[in-house]
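Trainee: everything below, folded, please.
(2 chains)
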Amino acid sequence: MSFMRRSAGGAAAAALAAAAIAGCGGSDSSSSTAAAGAKSASGAAAPKVSDAQLQATVDAALRSHDIKASSLPPLMRDALARAAQTLTPAQLDKAFECWKATSCTIGDGPVTLGHADPFGGNTWRQFTKMNVILQALTHREVGKYIYTDANYDLATYQANLRTMIAKGAKAIVTINEFGQAANAAYAAAQRQGVKISTYVGAMEDAPANSYTTRVQYDLCESGTAMAETVKKVTSSNGPVAFLGGLPAFPSDIKMKGCIDKAGVSVAFSSATNYTAAGTQKAASALIASGKPVKAILYTYANTVPSIVNAYRKAGKDVPPIITSTQSNATACQREEHPYPLYFSNSANWAARVSVDAAVQALDGQTVPKAVIFPLPFSAATSADCDTAKPAEYPGQTLVPDALADKMLAGK
Amino acid sequence: MSAAQIDTNEDRRRVTGALRVTPTLLISGVVLALLVVSQLFVTGQFFAQSTLSTLTPLVGILVLVAVGQAFVISAGGIDLSLPSTMTLMGAIVLKQSEGQGDKLLGAIAVCAVACVAIGLVNGLLVERLRMSSLVVTLAVGQLVLGVTQVYRGAVPPVQQVPGNLASWTTADVGGLSIILLAAVALAALATFFLHRVVAGRRLVAGSTAERAATLTGIRAGRYRVAAYVLAALVYGAGGILAAGQTGTPDLTLGQPYLLTSVVAVVLGGAALTGGRVSPVATLMGAIFIEVLDFDLRVRGLSEGGRMIAQGVVLVGGLALIHAVRHRAELSRALRRAGA
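Mentor: Numbers count the residues shown, from 1 in each chain, chains lettered A, B, ... in the order given. As a prediction, the model looks like this:
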């Protein structure tokens, strides 16, 4: 039975939905998207946005003009269509209120949506949180939102999951950064009827019973894309340096393997632990090794300035850097002393797809087990540097500008 | 025994005393050997500006915080609030300075007050209430981290340190980072303080032999509390410099320095049960850790391989230091076994 029919606050929910739809930008009926007014592949009624609006949202989300909306997985396309909706000022205020809190009432729906974050202490996480809230606002069946931050502690993370479930969360979105250690907790939650949907983290080796839908980029495709970018930028097959995050991180190992398969040789690799100090150590060792790398491949844009600083300190030219995610500080540093820099999108919006998957699964709809999205790399430009934004700002996040400004104002 | 024999024995003692192998001498020799190995077998450019300029800032920060940790270890404690304290400093520098150079001094003053408060809480709980330093500093560390997160806010509006701090902390002299030079100066100052200044010698007495110090009229408890405060102030200095070095300090600022600071102190010959510490030996221990890690990275060892290599070297080093410390007992035991 649909949660929309059971909802006691149906009138309020309907008003919310009407406001959401009314707030849409004007659509040209001659170019209305095929999804408008029709059922999406997942069975739910897709929001009405024009083809142009949807494509613009896809372009912003993926940081690319080369990927057609029609080529994306249906659930992802629908989620981005929801993201393309213009929200009312009241909804934006509600979103900001929820973002500042650890739990809030979003609407009158019966569903409690949980968001279990392994670590909430940086700008990427906070914009991801806002993406989840904004997406939840487009689902009238969602009544409450709960957010937890485990500060990278596994035991705390598992306890947070249990607490959320005890508080009635039936749909939980999360990013798995604990690997196999977290899968048992997910499986236990799923056995209690909770729909777990993960975003961004590599879950292809997780047991099928530990999640409902995983939303992630294709690691191998991403590695191949990095390799192709190397070939394009350097007109060679390397050698390159590969800097990963956590030591022996499975995603990094897989990515490196695919880079190698794509014909680009990796002459130096090191882990950075995603910290500035770790990145500086890795860069320092790379420089001292004397290995003539043609490019540096990395998986976290925020600490790229440490690589650049190391090269500048050493009096050496900065080689092309191709990195996953995006960072304002990195882009602005490049403005001062240009060098070839390639970003991917920061994928904050991936959590939106997870929200849709979890909520729709709870509603009894069929959702795919995996939503795999592309992660293209594109050259950094001056437009990527916004001196009015803080250093960690992750680029286009699909959060409305007015709301982003409020978040960044530190209020 | 004839007078000539007595003279010969005294001469022998004078000579062997001059050549007495201490942990400081031992670790210094090992570091020297490692530097030679680095230059000859790891990278021929170890002493080039390109290497020193990127390696020495990290060494400098570790030296600083390790010297701070040494104060606590000398009192028989251990300070697990080090990473949180450093991270809080980064947050204070950002928020209080608002990214402006003219507000940096004010931010540093706030940092100092925070460090004193953290040190006092640690010291009083450990020394006055006789609580375990491991538990106290772990709890205080959690508290400080929580305060940092609330104070910093979900998305700090200012995320870059003032330009003057960034410039100063990234400066170098002939490739040697200003941070390392400052850390060396601190280690020298700490050595002078502990050996030549009355307060410092009382600190040593209160740390190494609390009961005896108390019986001689030294307020050992106060000096032991002071050790925690001094340590926190040094971590604070390390945190401010690390923030400047990074440029955009985040919640992971202090993360890499906890265990390495303890290892540096122990490599410098200190016992975790308390006792005399040598800031200079601690400095050498810190250099050893960073240079070893650097060499293993340059050689391309995986993280697992590096950890194995570091573990083997550390265990070997600690065994050697233990042997040096207890060489008299060991030689007696060997003689008995031989007999």
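Trainee: how about the strands of the chain, start to end?
Mentor: With no chain named, the answer covers chain A. A:103-105, A:111-117, A:142-149, A:169-174, A:195-199, A:213-217, A:240-244, A:266-271, A:295-298, A:321-323, A:341-343, A:370-373, A:378-379 (DSSP state E).
Trainee: wrong one, chain B
Mentor: Counting by DSSP E, one finds strands in chain B at the ranges B:172-173, B:176-177.
Trainee: follow-up on the earlier one: want to throw the strands of chain A into TSV with mean neighbour count and distance to B:R202?
Mentor: Where C-beta positions appear, they are placed from N, C-alpha and C, glycine not excepted. Formatted as TSV, the strands of chain A follow (neighbours: other Cβ atoms under 10 Å in any protein chain shown; distance: least, Cβ to Cβ, whole Å):
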stretch	mean neighbour count	distance to B:R202
strand A:103-105	16	53
strand A:111-117	26	49
strand A:142-149	23	45
strand A:169-174	28	54
strand A:195-199	28	58
strand A:213-217	26	60
strand A:240-244	26	49
strand A:266-271	20	45
strand A:295-298	25	51
strand A:321-323	25	53
strand A:341-343	24	56
strand A:370-373	20	65
strand A:378-379	16	63
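Trainee: kindly provide the distance from B:V147 to chain A.
Mentor: 13 Å (Cβ to the nearest Cβ, to the nearest Å).
Trainee: now that residue: closest residue in space that isn't a chain neighbour?
Mentor: Distances taken as Cβ to Cβ, 6 or more residues apart in numbering or on different chains place B:L88 nearest to B:V147, at 6.9 Å, with adjacent residues excluded.
Trainee: my read: the one you found touches B:G239, true?
Mentor: Yes - the criterion here is Cβ atoms under 8 Å, and B:L88 meets it with B:G239 at 7.1 Å.
Trainee: quick one, which of these two is more surrounded?
Mentor: The residue with more neighbours, out of B:L88 and B:G239, is B:G239; 32 against 28, by other Cβ atoms under 10 Å in any protein chain shown.
Trainee: list the contacts for the more buried one?
Mentor: Counting by Cβ atoms under 8 Å, 6 or more residues apart in numbering or on different chains, B:G239 touches B:T85, B:M86, B:T87, B:L88, B:M89, B:G90, B:C111, B:L253, B:G254.
Trainee: cool, A:L219 as well?
Mentor: By Cβ under 8 Å, 6+ apart, the neighbours of A:L219 are A:A202, A:E204, A:S251, A:K254, A:M255, A:C258.
Trainee: find the nearest non-adjacent residue to the first one, please.
Mentor: Translated: A:A202. Excluding the flanking residues, the one nearest A:A202 by Cβ to Cβ, 6+ apart is A:S251, at 4.3 Å.
Trainee: just to revisit the earlier point, by neighbours, which of the contacts of A:L219 wins?
Mentor: A:M255 (26 neighbours).
Trainee: could you measure the residue nearest to that residue when sequence neighbours are not counted against A:T325, distance?
Mentor: Closest residue to A:M255 apart from its sequence neighbours, by Cβ to Cβ, 6+ apart: A:G223 at 4.0 Å. Computed with Cβ to Cβ, to the nearest Å, the distance linking A:G223 and A:T325 is 15 Å.
Trainee: got it, and A:P118?
Mentor: Going from A:P118 to A:T325 by Cβ to Cβ gives 16 Å.
Trainee: which stretches of the stretch 51-200 of chain B form helices?
Mentor: For the stretch 51-200 of chain B, helices defined by DSSP state H, counting those that start in this stretch occupy the ranges B:82-97, B:104-123, B:133-152, B:163-169, B:178-196, B:198-208.
Trainee: columns mean pLDDT on top of those, output as TSV?
Mentor: TSV is the format used below for these (pLDDT from 0 to 100):
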stretch	mean pLDDT
helix B:82-97	97
helix B:104-123	97
helix B:133-152	95
helix B:163-169	94
helix B:178-196	94
helix B:198-208	86
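Trainee: out of these, nearest to A:N209?
Mentor: Nearest to A:N209, of all these, is helix B:133-152, at 34.3 Å by Cβ to Cβ.
Trainee: helices and strands around that closest one, which ones?
Mentor: Using 3 or more Cβ pairs under 8 Å, 6 or more residues apart in numbering or on different chains; DSSP states H and E, the elements in contact with helix B:133-152 are helix B:82-97, helix B:104-123.
Trainee: just the residues contacting that helix, thanks.
Mentor: By Cβ under 8 Å, 6+ apart, the residues outside helix B:133-152 that reach it are A:121, A:151, B:72, B:76-85, B:87-88, B:91-92, B:94-95, B:118, B:121-122, B:125-126, B:251.
Trainee: with just CA atoms, put it into CSV.
Mentor: What follows is helix B:133-152, C-alpha atoms only, in CSV (Å, rounded to 0.1, in the frame of the first residue of the first chain):
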residue,chain,number,x,y,z
SER,B,133,46.4,9.5,32.5
LEU,B,134,45.4,7.2,29.7
VAL,B,135,41.8,7.4,30.6
VAL,B,136,41.8,11.1,31.5
THR,B,137,43.6,12.4,28.4
LEU,B,138,41.5,10.1,26.2
ALA,B,139,38.3,11.6,27.7
VAL,B,140,39.6,15.1,27.6
GLY,B,141,40.6,14.5,24.0
GLN,B,142,37.1,13.5,23.1
LEU,B,143,35.7,16.5,24.9
VAL,B,144,38.1,18.9,23.1
LEU,B,145,37.2,17.3,19.8
GLY,B,146,33.5,17.8,20.5
VAL,B,147,34.1,21.4,21.5
THR,B,148,36.1,21.9,18.3
GLN,B,149,33.3,20.6,16.1
VAL,B,150,30.7,22.8,17.8
TYR,B,151,33.0,25.8,17.9
ARG,B,152,34.1,25.4,14.3
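Trainee: how about A:A187, nearest residue that isn't a chain neighbour?
Mentor: Nearest residue to A:A187, sequence neighbours excluded (Cβ to Cβ, 6+ apart): A:S210, at 4.2 Å.
Trainee: with A:A101 instead?
Mentor: Closest residue to A:A101 apart from its sequence neighbours, by Cβ to Cβ, 6+ apart: A:Y147 at 7.7 Å.
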